[in-house]
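Student: below: sequence and its predicted model.
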Number of protein chains: 2
Amino acid sequence: MPRQQRAVRSREAIVRAAAQVVDRYGLKAATLTRVSEAAGLSKGAVYFHFADKDALASALEQEAVRALDTLAAARGPGTGQALAALVATSRELARLLSEDVVVRAGFQVSCDRADGEVPLLRGRLVALLLRLLEDARRDRSLPPGVVAEDVVATVLALTVGVQILSRQPGAAREASQVVEHFWRAALPGLTAAGRREEPRPGDPAG
Amino acid sequence: MPRQQRAVRSREAIVRAAAQVVDRYGLKAATLTRVSEAAGLSKGAVYFHFADKDALASALEQEAVRALDTLAAARGPGTGQALAALVATSRELARLLSEDVVVRAGFQVSCDRADGEVPLLRGRLVALLLRLLEDARRDRSLPPGVVAEDVVATVLALTVGVQILSRQPGAAREASQVVEHFWRAALPGLTAAGRREEPRPGDPAG
């Protein structure tokens, strides 16, 4: 294997091992020694890629930021109703958080590092949800009676819950389902509110 | 102040200080030195009450267990519909988690100690929710079409989200509201499902 390719692979292995350690024990317990053991590499190899634990933590957080940005970019302008995009985004994020240990650990690192401030990833997620809800308000897929901030707060709490519950071995798959349950419970009400407030031409009451 | 009363007060001060430290920095960072500083007491005073950090962690977890048991006991047998009791219990727990730092830290400790197993408090909460849903099935306040495990999973994820989000200063009050939002969104659907499946004598369709 060429040297450069080997370096890329060992960096990936270190990031993944760090994610597993953080996911299980938290950022505080994730020493570079523990990470190098989990990756099956020497401490020298770890230091070759990451100057210190903080650099490794940043790498994990950035992986999760990138995943979130990819989700945000998936909806181009004018590709269907924004409320549907919001549902799809929250579903996909729940799936990622339950299935991808690197994304999950990135969110965990972001919280562990925030030290009382709003964690970077939580701030970005809230901004994304608010933007989608603004779009949904504009394209009228969100009824006027619904308070966007309430929907954002609920989806945020559910998403945080999914991330935390997915850390428990064997619970990940079940955890991601709660976002499904939530939308199944909430969407009929949202849609009904919309019909009540803005009857469409074909509706019996319109 | 009599010696015994003074001892009770200083124990309470230590537990509260420990809760604040755990809530802000997590269990790993909550050294007895940090706790004694936060309590404004000597390390000797802390050791008088707690042999080690583990004893202090147990005390926090037990405070939260007691709070949960009190919530569970609040509904005696035959005191109204079980679905209403479930809603009330989840609301009250969200309020406690957002307002009471000792209860919130108790949940946090329970997770930090679990080390991959199901945290003690999470297990007890799931058992309580399932029991209320069983009752609701029996007294027919929960429609036959609703899967109890789905409701439990969603309320659990929301509750975990509320606990984590409430750790952020200034966010506690808002966080507890998401349980309100959830029930407001989900209850009409649950109730409608009940009316569809089991019309009562007075109902127009019955």
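Tutor: Sure, I can see it. Numbers count the residues shown, from 1 in each chain, chains lettered A, B, ... in the order given.
Student: tell me which residue is most central in chain A.
Tutor: Geometric centre of chain A, nearest residue: A:L93, 4.5 Å, by C-alpha atoms, centre = their mean.
Student: ok, and what's touching stretch A:75-92?
Tutor: A:71-72, A:74, A:128-129, A:132-133, A:135-136, A:138-139, A:141-142, A:151, A:155, A:158-159, A:179-180, A:183, A:187, A:190 (C-beta atoms under 8 Å, 6 or more residues apart in numbering or on different chains). The way it works is simple: take the backbone N, C-alpha and C, and place the C-beta from them, glycine included.
Student: hang on, the earlier thing: can you point out the buried residues in the strand or helix carrying the residue nearest to the centre of chain A?
Tutor: If you go by DSSP states H and E, A:L93 is part of helix A:82-99. Residues A:82-83, A:85-98 are the ones in helix A:82-99 that count as buried (16 or more other C-beta atoms under 10 Å in any protein chain shown).
Student: equivalent analysis for stretch A:129-141, please.
Tutor: A:L129, A:L132, A:L133, A:D135, A:A136, A:R137, A:S141.
Student: could I get those residues as CSV with pLDDT?
Tutor: CSV is the format used below for the buried residues of stretch A:129-141 (pLDDT from 0 to 100):
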residue, pLDDT
A:L129, 94
A:L132, 91
A:L133, 91
A:D135, 90
A:A136, 89
A:R137, 88
A:S141, 86
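Student: B:A64: which of these is nearest?
Tutor: Lowest distance from B:A64 to these (C-beta to C-beta) belongs to A:L129, with 30.1 Å.
Student: distance of the residue nearest to that closest one when sequence neighbours are not counted from A:C111?
Tutor: Spatial nearest neighbour of A:L129, chain neighbours left out: A:V152 (4.6 Å); criterion: C-beta to C-beta, 6 or more residues apart in numbering or on different chains. Applying C-beta to C-beta, to the nearest Å, the value for A:V152 to A:C111 is 18 Å.
Student: who's more crowded, the two?
Tutor: A:C111 (24 against 21; other C-beta atoms under 10 Å in any protein chain shown).
Student: now do the SS call for A:A29.
Tutor: Of the three states, A:A29 takes coil under DSSP: H, G, I helix; E, B strand; the rest coil.
Student: can you pull out the helices in chain A?
Tutor: Assigned by DSSP state H, the helices in chain A fall at A:3-25, A:32-39, A:43-49, A:53-74, A:82-99, A:101-114, A:120-138, A:148-165, A:172-197.
Student: which stretch among these comes nearest B:S166?
Tutor: helix A:148-165 (9.8 Å).
Student: which elements pack onto the closest one?
Tutor: helix A:82-99, helix A:101-114, helix A:120-138, helix A:172-197, helix B:148-166, helix B:172-197 (3 or more C-beta pairs under 8 Å, 6 or more residues apart in numbering or on different chains; DSSP states H and E).
Student: quick one, that helix and helix B:82-99 angle?
Tutor: Here helix A:148-165 runs at an angle of 90 degrees relative to helix B:82-99 (axes from the mean of the first three to the mean of the last three C-alpha atoms, to 10 degrees).
Student: just give me how far helix A:148-165 sits from the chain centre.
Tutor: Centre-to-centre, helix A:148-165 and its host chain are 10 Å apart (C-alpha atoms, centre = their mean, to the nearest Å).
Student: report the buried residues of it.
Tutor: Here helix A:148-165 shows A:148, A:150-165 as buried, counting by 16+ other C-beta under 10 Å.
Student: likewise stretch A:169-185?
Tutor: A:171-172, A:174-183, A:185.
Student: ok, stretch A:119-132 next?
Tutor: Judged by neighbour count (16+ other C-beta under 10 Å), stretch A:119-132 contains these buried residues: A:P119, A:L120, A:L121, A:R122, A:R124, A:L125, A:V126, A:L128, A:L129, A:L132.
Student: and stretch A:99-109, by the same measure?
Tutor: Buried, per 16+ other C-beta under 10 Å, within stretch A:99-109: A:D100, A:V101, A:V102, A:V103, A:R104, A:A105, A:G106, A:F107, A:Q108, A:V109.
Student: restricting to C-alpha, output it in PDB.
Tutor: C-alpha atoms of stretch A:99-109 as PDB (Å, rounded to 0.1, in the frame of the first residue of the first chain):
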ATOM      1  CA  GLU A  99     -26.000   3.600  13.400                       C
ATOM      2  CA  ASP A 100     -22.800   5.700  12.900                       C
ATOM      3  CA  VAL A 101     -20.600   5.800  16.000                       C
ATOM      4  CA  VAL A 102     -18.400   8.600  14.600                       C
ATOM      5  CA  VAL A 103     -21.400  10.900  14.200                       C
ATOM      6  CA  ARG A 104     -22.800  10.000  17.600                       C
ATOM      7  CA  ALA A 105     -19.400  10.500  19.300                       C
ATOM      8  CA  GLY A 106     -19.100  13.900  17.500                       C
ATOM      9  CA  PHE A 107     -22.300  15.000  19.100                       C
ATOM     10  CA  GLN A 108     -21.100  13.700  22.500                       C
ATOM     11  CA  VAL A 109     -17.800  15.500  22.100                       C
END
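Student: that one and chain B, are they touching?
Tutor: No - applying C-beta under 8 Å from any C-beta of the partner chain, one finds stretch A:99-109 separated from chain B by no less than 10.4 Å.
Student: just give the closest residue to A:L165, not the sequence neighbours.
Tutor: A:A175 (4.0 Å).
Student: got the contact list for that neighbour?
Tutor: Taking C-beta under 8 Å, 6+ apart, one finds A:A94, A:L97, A:S98, A:G161, A:V162, A:L165, A:S166, B:A153, B:A157 in contact with A:A175.
Student: good, we can wrap up now.
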